[in-house]
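Q: My questions are about this predicted structure, shown below with the sequence.
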Amino acid sequence: MIYHQGRRKAAVLAEGAFGEEMGKTAHDLVIFNGGLLWDLVGVIDSRHSGMDAGEVLGIGRRGIPIISSIDEAIRLGAEALLIGAAPVGGRLPDAWRKFIIDAIKGGLDIYSGLHQFLSDDTYLAELASRHGVKLVDVRKPDMSYFRVWDGSVLMLKDMIRVLIAGTDCEAGKNIATYTIYQELSKARNNACMVGTGQTMLMLGARGLVLDAVPSDFVAGALEKVLIELYDEGCRAAVIEGQAAITHEAYGHVSLGILRGASPTHIVIAHDPTRVYRASFHHAAKPLVVPPPEHELLYLKALNPYQNAKLAGISLNTSKMSIQEAQKTIDHYKRVLQIPAVDPLRNGVNDIIKEILGDKESSN
């Protein structure tokens, strides 16, 4: 989905969530300075008001202030408000409703990735209409993509398809997807980025939120996106995965993405400090995150493209010291015999070389 041409000024709503697990959309928007679509004027979270958003995340100053109100966002020039958190269940927190109402009254378009569609809220929809603003539900699917997978993606013989798979939710797939796309674009002017979740679409990826698509059509919908991009000239697609094939709650979506992408290359994203599934403290029993080797067995066995190459592992070492991170990176490099990197610490060039080959990636 393409929301607009060029860049627009936006504020990110992450009240009570910035720096927490459910603030991942806001975090990635800050890490990548609004991605391909936005210039961020501020992040709304009154707990950290006055601080720099990058410093809260531990990535250094980004020049993006944390503010406490919609009025501040408007004074800073915001044209849109981006919902920057993804609570489990995807419902609009009661405390955020006033922010959204104030934003609509202030003339800001609203972009939301929640399961609860703002455009279906009668009061908000009527208010938006009166003030001439858009309510964009990023997760609301385009039914023209509802189709059953038929293997057409396997006929795209000269298209590199890199799937960024994971061992869990919030394992660093978005960061790996965006950074690999950035570097691949430098080597290939026909690269494209495919999003399958709300955060990547807000960052400017093409695609649709696949957990909102009926399960019969997940693989076929993604296949259609890739065929369209191929017809537009894309020959190197970086595709965001979701959760993990082994995930007890979300694995069915991950499997649909694997089959829709039928990747020629796989990069696995992993948080080596995590023992249990993220955001599943409410589960009836502890859900253990399997090691990457276990996830890879399923990724290889269930991929319709049988000759996929494992191009690397992207590690989230943000909770480690520099020394601990390097030791962990070296460990996975030895164990899996593939490039191992933390994209935010040491880049992804080793993975790019594995995808393209040393000669092409150095041109």
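A: Thanks, I have it.

Q: beta partners of residue 13?
A: residue 44, residue 83 (DSSP bridges).

Q: just checking, it touches residue 84?
A: Yes. Under the criterion of Cβ atoms under 8 Å, residue 13 makes contact with residue 84 at 5.6 Å. C-beta: built from backbone N, CA, C; applies to glycine.

Q: what's the spacing between residue 133 and residue 125?
A: As for residue 133, its distance to residue 125 is 11 Å (criterion: Cβ to Cβ, to the nearest Å).

Q: er, residue 226 I mean
A: Using Cβ to Cβ, residue 226 is found at 33 Å from residue 125.

Q: Between the two, point out the one with more neighbours.
A: residue 226 (24 against 15; other Cβ atoms under 10 Å).

Q: quick one: the closest residue to that one other than its chain neighbours from residue 105, how far?
A: Distance criterion Cβ to Cβ, 6 or more residues apart in numbering; nearest residue to residue 226, sequence neighbours excluded, is residue 153 at 5.4 Å. Distance, residue 153 to residue 105, using Cβ to Cβ: 45 Å.

Q: ditto for residue 133
A: From residue 133 to residue 105 the distance is 9 Å (Cβ to Cβ).

Q: which residues in the chain form strands?
A: 8-13, 38-44, 66-67, 80-83, 109-112, 135-137, 160-166, 191-195, 206-207, 236-240, 265-270, 309-315, 340-341 (DSSP state E).

Q: I would like the residues contacting the second one, please.
A: The contact list for strand 38-44, computed with Cβ atoms under 8 Å, 6 or more residues apart in numbering, reads 7-15, 18, 26, 29-30, 33-34, 53, 64-70, 72-73, 76-78, 80, 82, 84, 99, 202.

Q: Buried residues, it. List them.
A: 38, 40, 41, 42, 43, 44 (16 or more other Cβ atoms under 10 Å).

Q: got the strands of the chain as CSV, with mean pLDDT and distance to residue 217 columns?
A: As requested, those are arranged in CSV below (pLDDT from 0 to 100; distance: least, Cβ to Cβ, whole Å):
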stretch, mean pLDDT, distance to residue 217
strand 8-13, 98, 31
strand 38-44, 98, 30
strand 66-67, 98, 40
strand 80-83, 98, 25
strand 109-112, 97, 22
strand 135-137, 96, 18
strand 160-166, 98, 19
strand 191-195, 98, 16
strand 206-207, 96, 14
strand 236-240, 98, 17
strand 265-270, 98, 23
strand 309-315, 98, 28
strand 340-341, 98, 34
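
Q: Compare these and give me the one nearest residue 301.
A: strand 265-270 (12.1 Å; Cβ to Cβ).

Q: sorry, back to before: who's more crowded, residue 153 and residue 105?
A: Ranked by neighbour count (other Cβ under 10 Å), residue 153 and residue 105 place residue 153 first, with 26 against 15.

Q: Distance-wise, check the more buried one relative to residue 203.
A: Taking Cβ to Cβ, one finds residue 153 at 23 Å from residue 203.

Q: re earlier: neighbour-wise, which of residue 13 and residue 84 wins?
A: residue 84 (31 against 27).
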